[in-house]
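A.B. asks: just need the structure, nothing else, for what follows:
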Amino acid sequence: KESSVSEMEEMIADNMGYQVEGIRLWVFQSRANSTIRPAPIENEREKTICEVAEKETPLKVFVETIDQSNPSKGLMPYKRDEQNIIFLKYFDVMTDTMYYLTHVFLSPDSCIGDVFQ
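C.D. replies: Numbering: from 1, shown residues only. Down below sits the predicted model:
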């Protein structure tokens, strides 16, 4: 809990077999309107995990990774004020299970249909 975000990044990257530059951490934050939103924590590397987690218990983190088949491509640049991260999921009604498929970045004025064009 007293470890820094930077130390947590190093541990996660190592456990997943990536360089630190090959991952980006997003913390899921509860909002006042009862929704949950991911927020990148790349500018908070020197904070402790407790400071970043605030009231989120347990801390839920999405780990964005580079494409290992093309590591030189790196992570997609993310511009906080110009993009939203959208998670594409599949819900299996037979098993009542949701599966993560991928994620995309869209501008705030985009429609979800833009993903398929």
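A.B. asks: starting at the chain centroid, how far to stretch 25-44?
C.D. replies: 9 Å (Cα atoms, centre = their mean, to the nearest Å).
A.B. asks: buried residues in it?
C.D. replies: By neighbour count with 16 or more other Cβ atoms under 10 Å, stretch 25-44 contains the buried residues Leu25, Trp26, Val27, Gln29, Pro38, Ile41, Glu44. For glycine as for every other residue, the C-beta is placed from the backbone atoms N, C-alpha and C.
A.B. asks: what distance separates the start and the end of that stretch?
C.D. replies: 10 Å (Cα to Cα, to the nearest Å).
A.B. asks: which residues touch it?
C.D. replies: Residues external to stretch 25-44 that are found in contact with it (Cβ atoms under 8 Å, 6 or more residues apart in numbering): 5, 8-9, 12, 24, 51-56, 59-64, 78, 80, 85, 87.
A.B. asks: inside strands: which ones of those residues?
C.D. replies: Cross-referencing these against strands under DSSP state E gives Arg24, Val61, Phe62, Val63, Glu64, Ile85, Phe87.
A.B. asks: ok, of those residues, which come out buried?
C.D. replies: Buried residues within those, counting neighbours by 16+ other Cβ under 10 Å: Arg24, Val61, Phe62, Glu64, Ile85.
A.B. asks: for the residues you listed, work out which two are farthest apart.
C.D. replies: The span of these, defined through Cβ to Cβ, is set by Val61 and Ile85 at 13.2 Å.
A.B. asks: start and end of stretch 38-52, how far apart?
C.D. replies: This stretch, stretch 38-52, spans 13 Å end to end (Cα to Cα).
A.B. asks: also stretch 19-28?
C.D. replies: Between the opening and closing residues of stretch 19-28 there is a gap of 23 Å (Cα to Cα).
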